[in-house]
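Colleague: Using only what follows, build the 3D model:
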Amino acid sequence: MAIAIAVIVLVLASVVFYFLSPWHLTPLASNWGAIDATIGITFWVTGVVFVLVNLFLAWAIIRYRYDRRRRASYEPENRKLEAWLTVVTTLGIAALLAPGLWVWAQYVSPPDDAHEVEVVGQQWHWSFRYPGADGKLGAVHTSLIDDDNPFGMRPDDPHGRDDVLVHSPRLVLPLDRPVKLLLRSKDVIHNFQVAQFRAKMDMVPGQVSYLWLTPTRTGEFEILCAELCGLGHFAMRGRVEVMEAADFDAWLARQPTWAEQLAAPAGDPASGAALYAVCAACHGPRGEGSLALNAPRLAGMEPWYARRQLRYFRDGARGAHPDDTHGAQMRAFAAVLADDRAIADVAAHLATLDAPRPRNTVHGDLRRGERLYRTCAACHGNDAQGIRAVRAPRLAGLDDWYLERQLLNFRQGIRGRHPDDHYGWQMAEMSRVLASEQAVRNVVAYIATLGVAGAASEANAQGED
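Modeller: Predicted coordinates for the structure are as follows:
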């Protein structure tokens, strides 16, 4: 009897929990209400079966409980009962499958007027490509992918010259306009998912899969990889922003095309040297940095990364946190650089600077640091040389005290939490792998032992982030 009562209580508690639980589907933001309806049908069918089966179990325990005055009867077949069970089971399975098959048929049939956007996934980064004025995406090929051509664009295809390449993990979509997302992976199987859109699909290397949707409300939503794709899977996140159609068209018109990115002039080191005179007061005339002034070494910094950080400081995406006192100082100096051309010139000058390798000031367990760095190496390289394709800067040769401070800032939310810092938030997530300040010191001490072979050629590479 006690077991029967426990089963009944479990059924009642489960039903009450379902209706009173605060955990439900996120508010719908696309046209896929039919998917919500299908999920609802699944809950009701499986819920009714759960209640009936468990109540029958409780009834059977009570009805056929042990009684030494009663003998069990043997009944190997009951055709009537088997027929009823077959019919009811068939109806239940049909109720589960039929709505899903109907919705799936719509899910894989994008409307003819849907505009296309390409989504490219790699460990652990999202990037996006929009067709230009001709409305067609240019051809790509895996063999052409390198640091200077992360999308694998074919230079001989005229349709690709006006494509808009977005390297940051921020997807912009127009409101109430159907879009077909072409999904491509550069390395392993990923899965593109936005919970509010009720849309997800695997991305298989060597293939182009797709899904389509129509955004139905403005706002920002999180992009997740729903396929375990490696150590940094949890940090493979992005943002999708849905805006009014007119605002989207204006935004897209402001983005440089691939041809414009290729034709963009490189920064002028001579002009950058004049602008750097203000920076030299803290960072030194050779970019050697100063621990006393909390100014890190800048000599040989990759131009693409220097441009990004200077823009972040100038625009407030970095250094705005009240506890980032040193970043606030940099914001004031970055404001002196009036436009992107001035920033490009300073970045080009930094690449020409040569300063002695900084001395080690942070000490830790190198063996433990090496193990911890394996996660970092996926983006920053085995020798901390940086990997431009995933927009991860070089770490080798930087001041260890500066690396320690930045990792602690990431862990504490002082850096990387601004909504416009598209890469900082990923570092903030990854820094959680370092469970303590001692772990931070261990990995920093190990990075300080890594060489800078090949850093000069990497630093001289020009490219937009």
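Colleague: Show me the helices in the stretch 251-400 of the chain, by range?
Modeller: 258-263, 269-276, 280-283, 303-315, 325-334, 340-352, 366-380, 400-412 (DSSP state H, counting those that start in this stretch).
Colleague: Could you dump those helices into TSV with distance to L182 added?
Modeller: Every residue, glycine included, has its C-beta placed from N, CA and C. Listed next are these as TSV, based on distance: least, C-beta to C-beta, whole Å:
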stretch	distance to L182
helix 258-263	16
helix 269-276	39
helix 280-283	44
helix 303-315	26
helix 325-334	37
helix 340-352	30
helix 366-380	25
helix 400-412	33
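Colleague: By residue count, tell me the biggest helix in this structure.
Modeller: Across the chain, the helix with the greatest residue count (assigned by DSSP state H) is helix 33-63.
Colleague: what about the following helix or strand past it, distance to the chain center?
Modeller: Remark: after helix 33-63, the chain's next helix or strand is helix 79-107, criterion DSSP states H and E. Offset of helix 79-107 from its chain centre (C-alpha atoms, centre = their mean, to the nearest Å): 38 Å.
Colleague: again, but for stretch 173-192
Modeller: 13 Å.
Colleague: again with stretch 240-258
Modeller: For stretch 240-258, the distance to the chain centre is 20 Å (C-alpha atoms, centre = their mean).
Colleague: ditto for stretch 237-250
Modeller: The mean C-alpha position of stretch 237-250 is separated from the chain mean by 17 Å, C-alpha atoms, centre = their mean.
Colleague: quick one: average confidence on it?
Modeller: Mean pLDDT, computed over stretch 237-250, is 93.
Colleague: can you start the count at 13 instead of 1 from here on
Modeller: All right, first residue 13 from here; so that's stretch 249-262.
Colleague: What lies in contact with it?
Modeller: By C-beta atoms under 8 Å, 6 or more residues apart in numbering, the list of residues contacting stretch 249-262 from outside reads 41, 138, 181-189, 206, 209, 227, 229-237, 263, 431, 434, 437-438, 441.
Colleague: Report the buried members of the residues you listed.
Modeller: For the contacts of stretch 249-262, a burial check counting by 16 or more other C-beta atoms under 10 Å picks out 41, 138, 181-187, 206, 209, 227, 233, 235-237, 434, 437-438, 441.
Colleague: and those residues, which of them are in helices?
Modeller: Counting by DSSP H, the buried ones among the contacts of stretch 249-262 place 437-438, 441 in helices.
Colleague: The longest helix of the chain to helix 91-119, inter-axis angle?
Modeller: 160 degrees (axes from the mean of the first three to the mean of the last three C-alpha atoms, to 10 degrees).
Colleague: thinking again about what came up before, now, which of the contacts of stretch 249-262 lie within strands?
Modeller: 138, 182-186, 206, 231-237 (DSSP state E).
Colleague: and the two most separated of these?
Modeller: P186 and C237 (24.1 Å; C-beta to C-beta).
Colleague: Could you pull up phi and psi at the residue nearest the centre of the chain?
Modeller: With distances taken as C-alpha atoms, centre = their mean, R249 lies nearest the centre of the chain, 1.8 Å away. Phi and psi for R249, reported as degrees, to the nearest 10, are phi -130, psi 160.
Colleague: And it, how close does it get to T50?
Modeller: 26 Å (C-beta to C-beta, to the nearest Å).
Colleague: now G279
Modeller: Taking C-beta to C-beta as the measure, G279 falls 54 Å from T50.
Colleague: Name the nearest residue to G428, sequence neighbours excluded.
Modeller: G436 (3.2 Å; C-beta to C-beta, 6 or more residues apart in numbering).
Colleague: ok, now which residue in this structure is the farthest from the centroid?
Modeller: Outermost residue of the chain (C-alpha atoms, centre = their mean): R81, 67.7 Å.
Colleague: Quick check on that one: phi, psi?
Modeller: phi -90, psi 0.
Colleague: Likewise for V132?
Modeller: phi -120, psi 130.
Colleague: contacting residues for the residue nearest to it when sequence neighbours are not counted?
Modeller: Nearest non-adjacent residue to V132, counting by C-beta to C-beta, 6+ apart: S139, 4.8 Å away. For S139, the contact set (C-beta under 8 Å, 6+ apart) comprises 131-132, 162-163, 177-181.
Colleague: now with 7 Å?
Modeller: Each residue near S139 by C-beta atoms under 7 Å, 6 or more residues apart in numbering is listed here: 132, 162, 178-179.
Colleague: Looking at those, which is nearest V200?
Modeller: Of all the contacts of S139, the one with the least separation from V200 (C-beta to C-beta) is V132, at 13.1 Å.
Colleague: Could you report the neighbour count for that closest one?
Modeller: Counted with other C-beta atoms under 10 Å, residues neighbouring V132 total 24.
Colleague: how much space is there between it and L287?
Modeller: In this view, V132 and L287 are 35 Å apart by C-beta to C-beta.
Colleague: And for L194?
Modeller: Distance from L194 to L287, by C-beta to C-beta: 42 Å.
Colleague: swap in L109?
Modeller: 66 Å.
Colleague: if you count what's nearby, which of these two comes out ahead?
Modeller: A direct count of neighbours by other C-beta under 10 Å for L109 and L287 places L287 higher, at 17 against 11.
Colleague: Pull the number of nearby residues for the nearest residue to that one once chain neighbours are set aside.
Modeller: Distances taken as C-beta to C-beta, 6+ apart put V358 closest to L287, at 5.1 Å, once the chain neighbours are dropped. Residues near V358, counting by other C-beta under 10 Å, number 27.
Colleague: any weak-confidence spans in this structure?
Modeller: 464-477 (pLDDT under 70).
Colleague: Give me the buried positions along stretch 204-220.
Modeller: When neighbours are counted by 16+ other C-beta under 10 Å, the buried residues of stretch 204-220 are found to be 204-213, 215-216.
Colleague: for stretch 114-133, same thing?
Modeller: So stretch 114-133, judged by 16+ other C-beta under 10 Å, has buried residues 115, 119, 122, 126, 128-133.
Colleague: Mind exporting the C-alpha coordinates of it to CSV?
Modeller: Extracted C-alpha coordinates of stretch 114-133, given in CSV (Å, rounded to 0.1, in the frame of the first residue of the first chain):
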residue,chain,number,x,y,z
TRP,A,114,3.9,18.4,-41.0
VAL,A,115,6.1,21.1,-39.4
TRP,A,116,9.3,19.6,-40.8
ALA,A,117,7.9,19.8,-44.3
GLN,A,118,7.5,23.6,-43.8
TYR,A,119,10.8,23.9,-42.0
VAL,A,120,12.8,22.6,-45.0
SER,A,121,10.8,24.6,-47.6
PRO,A,122,11.9,28.2,-47.5
PRO,A,123,9.7,30.7,-49.4
ASP,A,124,10.9,32.0,-52.7
ASP,A,125,11.3,35.6,-51.4
ALA,A,126,13.6,34.6,-48.5
HIS,A,127,16.9,36.5,-48.6
GLU,A,128,20.0,34.5,-47.9
VAL,A,129,22.7,34.9,-45.2
GLU,A,130,25.6,32.5,-44.7
VAL,A,131,26.6,31.4,-41.2
VAL,A,132,30.1,30.0,-40.8
GLY,A,133,31.1,28.1,-37.7
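Colleague: how far does stretch 179-192 sit from the chain's center?
Modeller: Relative to the chain's own centre, stretch 179-192 is displaced by 15 Å; criterion: C-alpha atoms, centre = their mean.
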